[in-house]
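Output the structure for:
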Amino acid sequence: MGMDEKIEGGHATTYWHILEDGRVQCDVCPRECKLHEGQRGLCFVRACQDNEIVLTTYGRSSGFCIDPIEKKPLNHFLPGTPVLSFGTAGCNLACKFCQNWDISKSRETDTLADQASPGKIARVAGELGCRSVAYTYNDPVIFMEYAIDIAQACREKDIKSVAVTAGYISAGPREEFFSYMDAANVDLKAFTDDFYWKLTGGHLQPVLETLEYIKHETDVWLELTTLLIPGKNDSEQELQEMTQWVVDKLGPDVPMHFTAFHPEWKMMNIPPTPPITLTRARKIALASGVRYVYTGNVHDKEGESTYCHQCHNRLIGRDWYVLSDWNLDEQGCCNRCGTRCAGLFEPQPGKWGPRRQPVYLQTYA
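Down below sits the predicted model:
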């Protein structure tokens, strides 16, 4: 739960209550951390100050960067456009394979260099031509108050908000948080509770509930990502069960991304994912009825591209983050057979390409 310390300057939050023993319970996520004065939750950024839970990272970021939207990954949401990406510090899961562990497991005073108000982030995103802002690198549900304020400022400038999240959030905060998001890529890390408990310190069911909520109770565009770890979550049976659940509970139009694991943090002894594993997962998902399935973290033009589920015409060709073919009409339909491609598309694709551009907010007035 974190050590006792003097917490100063925290931002007020809503989702907490005082227990009979005097501790304060944080109600943002299923962990329900119960804190004494000066203690922090597992996420490290929500803390007990003056008998309430405060957010200690409001207005502070680990850095900003313009990415292609496909890097989130989102392949059906304004393809080819630039997104202003940033995170803060901390995380409410403890994934042993975390690829952003230097951010998610850091103490915020070590990482948070950029200070930025919600209004400034929205203004700079607009000045730089970004169509959206992504809350990423660490999980935005733990800095939801900051993310929501930014999303509100962005909406005033017609800039979309993208959540890159593990979906580990409780029902009340879930409803508020996603009411301000326009798109989400949710990590469905595996399809067994054993994996979640042993390798993330969390549970599967709350994530499934988040996915069903987003799909059926909101207008948020949803895509899923699963990092396939050799011997941990890549069996044929698990992939069949996962992809069948997606089709049955979320529908065939939710895109799935299977990405390659590389040895990281506390799992340096596991080998990288062979490309053939991703190809096999993609075939299993397509056979289950998922219409749009992608491979990631490997060079695979076929697995990166979007195809019409009706006539198999290549609708959007991709080579890493470079778009080539564009065979959608102005309504987002296949220009060969007229079948609608699920997603949010503009008449023409964006031209951002594969660039990654750091942004230093302090250089903007």
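
sec struct for the spatially closest residue to residue 29 that is not a sequence neighbour, please.
Leaving aside its chain neighbours, residue 29 sits nearest to residue 92 (4.8 Å; criterion: C-beta to C-beta, 6 or more residues apart in numbering). In short, each C-beta sits where N, CA and C put it, glycine included. Recorded secondary structure, residue 92: coil (DSSP: H, G, I helix; E, B strand; the rest coil).

What is the neighbour count of residue 92?
The local packing of residue 92 (other C-beta atoms under 10 Å) involves 27 other residues.

Over to the one 4 residues further on?
Applying the criterion other C-beta under 10 Å, we find 16 residues in the vicinity of residue 96.

what about this structure, any weak spots by pLDDT?
Scanning the chain for pLDDT under 70 picks out 1-9, 101-114.

Outline the domain layout of it.
11-55, 60-358 (automatic domain parsing).

which one of those lies closest to residue 364?
domain 60-358 (5.2 Å; C-beta to C-beta).

ends of that closest one, how far apart?
16 Å (C-alpha to C-alpha, to the nearest Å).

just stretch 183-203 next, same as before
23 Å.

In it, which residues are buried?
183-192, 195-196, 199-200, 202 (16 or more other C-beta atoms under 10 Å).

quick one: which of those is nearest to residue 310?
For those, the nearest to residue 310 is residue 183 (24.0 Å; C-beta to C-beta).

which ones are touching the closest one?
Going by C-beta atoms under 8 Å, 6 or more residues apart in numbering, residue 183 touches 74, 77, 132, 160, 161, 162, 163, 220, 221, 222, 223, 344.

The third one: how many residues sit nearby?
I take that to be residue 132. Residues near residue 132, counting by other C-beta under 10 Å, number 22.

Now it: closest residue in space that isn't a chain neighbour?
Nearest to residue 132 is residue 160, by C-beta to C-beta, 6+ apart, at 3.9 Å.

give me the number of residues near that neighbour?
Residues near residue 160, counting by other C-beta under 10 Å: 23.

which residues does it contact?
Each residue near residue 160 by C-beta under 8 Å, 6+ apart is listed here: 77, 78, 131, 132, 133, 154, 182, 183.
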